[in-house]
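A.B. asks: predicted model and sequence below, questions to follow.
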Amino acid sequence: MANDQVLSDGRERFDKSLAHLKEQMKGIRTGRASSALVDNIRVDYYGTPTPISQLASVSIPEPRQIVVKPFDGSILKDVEKAILKSDLGTAPQNDGKILRLTLPPLSGEQRDKYAAKVKDMGEEARVAMRNTRRDLNKHADALKKSGDLTEDENRDLHDAVQELLKEYEKRVDDLLEKKVTEIREV
């Protein structure tokens, strides 16, 4: 029973680390436009930093273009300022009603930089997962010390936690490989 609880807790925490990595990687630019590129940009809306997705409709009319249309036309300038402050690498074209962001093609150097950034994110996710493994192993050792687990059950639980970690590290590697391939596409 205690084994199942520890493994269930571990699976839940590994899932959270994986979900966080996926969310972070959405904001990394590839050769194509994506509404996720502007999701994390915050606009000062009546004194509150608000995500663009809550203030405007974001669409992708062409493979390298993002169109942002604020629900309230009076905040167009504020949205434009927020996009300019971001590290998107493009200046929006303002026609008075909407903002058009045309993403320039990525140079080889930029692609390498983004690929390295993705790999760093993957390493952060792996470190978080290894910290979770350490916590789970400590919990298993505490259960053994309290008499809830035998020596063999404790060793088996440590092995099961390690197998779970390997499974999730493989998922991280697969995600990274897919994203780096996407970045390197011309």
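C.D. replies: The structure has been received and is ready for your questions.
A.B. asks: ok now stretch 93-112, how far from the chain's centre?
C.D. replies: Once both centres are worked out by CA atoms, centre = their mean, to the nearest Å, stretch 93-112 turns out to sit 21 Å from its chain's centre.
A.B. asks: buried ones in it?
C.D. replies: Ile98, Leu99, Arg100, Leu101, Leu103, Leu106, Arg111 (16 or more other CB atoms under 10 Å). C-beta coordinates here come from the backbone N, C-alpha and C atoms, glycine included.
A.B. asks: doesn't the fourth one belong to a strand?
C.D. replies: Yes. Secondary structure of Leu101 (DSSP: H, G, I helix; E, B strand; the rest coil): part of a strand.
A.B. asks: tell me what it is bridged to.
C.D. replies: For Leu101, the beta-bridge assignment (DSSP bridges) gives partners Ile66.
A.B. asks: need the contact list for the most centrally placed residue in the chain.
C.D. replies: Centroid-nearest residue in the chain: Gln24, 1.9 Å away (criterion: CA atoms, centre = their mean). For Gln24, the contact set (CB atoms under 8 Å, 6 or more residues apart in numbering) comprises Met121.
A.B. asks: pull the distance from the helix or strand where it lies to the chain's centre.
C.D. replies: In the assignment (DSSP states H and E), Gln24 maps to helix 2-26. Helix 2-26 has its C-alpha centroid displaced from the chain centroid by 14 Å (CA atoms, centre = their mean).
A.B. asks: equivalent analysis for stretch 66-73, please.
C.D. replies: Its chain's C-alpha centre lies 24 Å from the corresponding centre of stretch 66-73 when counted by CA atoms, centre = their mean.
A.B. asks: pLDDT wise, what is the residue lying farthest from the centre of the chain at?
C.D. replies: Distance from the C-alpha centroid of the chain peaks at Gly147, with 40.3 Å (CA atoms, centre = their mean). At Gly147, the model reports a pLDDT of 85.
A.B. asks: and for Gly27?
C.D. replies: For Gly27, pLDDT reads 72.
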